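> Got a sequence here, can you model it:
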Amino acid sequence: ADPTAEECPAIMGNAGITERFAPMVAHSIHSLTLEDIRHFFKEDATEENGIPTVNMDLTSDSRILPNAPLAGYDDDFSTMSMKTFDLVMRNMNRTGWGITNYNTMDTLTHAFHMAEIWDKSAEQYKMVERLLDPESDLCACVTDIERNNVLNYLNLLAFKIKVPWYYFWKQNSHRTLLRRKSKTIVWR
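Next up is the predicted model:
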């Protein structure tokens, strides 16, 4: 039987996994595409890959997609850098796509930042894949994204991407009050 939600924190902790696991994994997968999975992690990954991502279609009611989608990279390019650049440029004027309030340079920077993370993560992934028994309690705990909070953090990221001003306002509402009272900008 799979370990319980109560057992998993100890199992993961004994393996050296900290409380930063869920937010770090959510950040690492939030904009992953099927092409990225195939390039960095698993060449034969399918469209039913089970890796949830943030829906980059901001007009959709679904913030989270259950599977990393095909992004439609142009195969005329041979490097992931150019495929990524092309994807961003093809979508730069598309309303309701990507990250709210990001301009083209922000979007490119984000895409290349994520590729850097995936490149570094690929080495670790291949080692873990080689050493970890897929039937182990540890594997069950780290892949149970509903109970280990990865899905919760992914939903939070999706909300921040779609409605960043609300999150910013909630985080900084006390600063707004300080400014109103003092008539000066206080940024702490």
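> isn't Ala22 right up against Asn149?
Yes. In this structure Ala22 lies within contact range of Asn149 using Cβ atoms under 8 Å: 3.8 Å. Any C-beta I mention is one placed from the backbone N, CA and C, and that applies to glycine too.
> Would you mark the buried spots in the lengthiest helix in the chain?
When the chain is parsed with DSSP state H, its longest helix is helix 104-131. Of the residues in helix 104-131, those buried under the neighbour-count criterion (16 or more other Cβ atoms under 10 Å) are 107-108, 111, 114-115, 117-118, 121.
> will you turn the residues you listed into CSV that also has distance to Pro69 and pLDDT?
Shown next, in CSV, are the buried residues of helix 104-131 (distance: Cβ to Cβ, whole Å; pLDDT from 0 to 100):
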residue, distance to Pro69, pLDDT
Thr107, 17, 94
Leu108, 20, 95
Ala111, 15, 96
Met114, 15, 97
Ala115, 17, 96
Ile117, 19, 96
Trp118, 16, 97
Ser121, 19, 95
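> now, among these, which is nearest to Ala158?
Nearest to Ala158 among those is Met114, at 15.0 Å by Cβ to Cβ.
> Now do the helices in this protein.
Going by DSSP H, the chain shows helices at 8-14, 21-29, 34-40, 80-91, 104-131, 137-143, 150-162, 164-182.
> so what's Asn101 up against?
With contact set as Cβ atoms under 8 Å, 6 or more residues apart in numbering, Asn101 has these partners: 164-165.
> Glu47 now?
Shown in contact with Glu47 (Cβ under 8 Å, 6+ apart): 34, 67, 69-70.
> Check it and give its pLDDT.
If you check Glu47, the pLDDT there is 98.
> Start at 115, not 1
That works, and once the first residue is 115, the last one we named lands at Glu161.
> Please tell me the pLDDT value assigned to the residue nearest the centre of the chain.
Nearest residue to the geometric centre of the chain (Cα atoms, centre = their mean): His144, 1.9 Å. pLDDT recorded at His144 is 97.
> With Ser192 instead?
Confidence at Ser192, expressed as pLDDT, is 95.
> Equivalent analysis for Ile299, please.
40.
> Equivalent analysis for Arg294, please.
Among the per-residue scores, Arg294 shows a pLDDT of 42.
> Does Gly212 touch Thr221 like I think?
Yes. With contacts counted by Cβ under 8 Å, Gly212 reaches Thr221, the gap being 5.5 Å.
> if I pick Asp171, what's in contact with it?
If you count contacts by Cβ under 8 Å, 6+ apart, Asp171 has them with 210-211.
> How much space separates it from Gly210?
Per Cβ to Cβ, to the nearest Å, Asp171 is found 6 Å from Gly210.
> what's the answer for Asn128, then?
Noted for Asn128: a distance of 44 Å to Gly210, by Cβ to Cβ.
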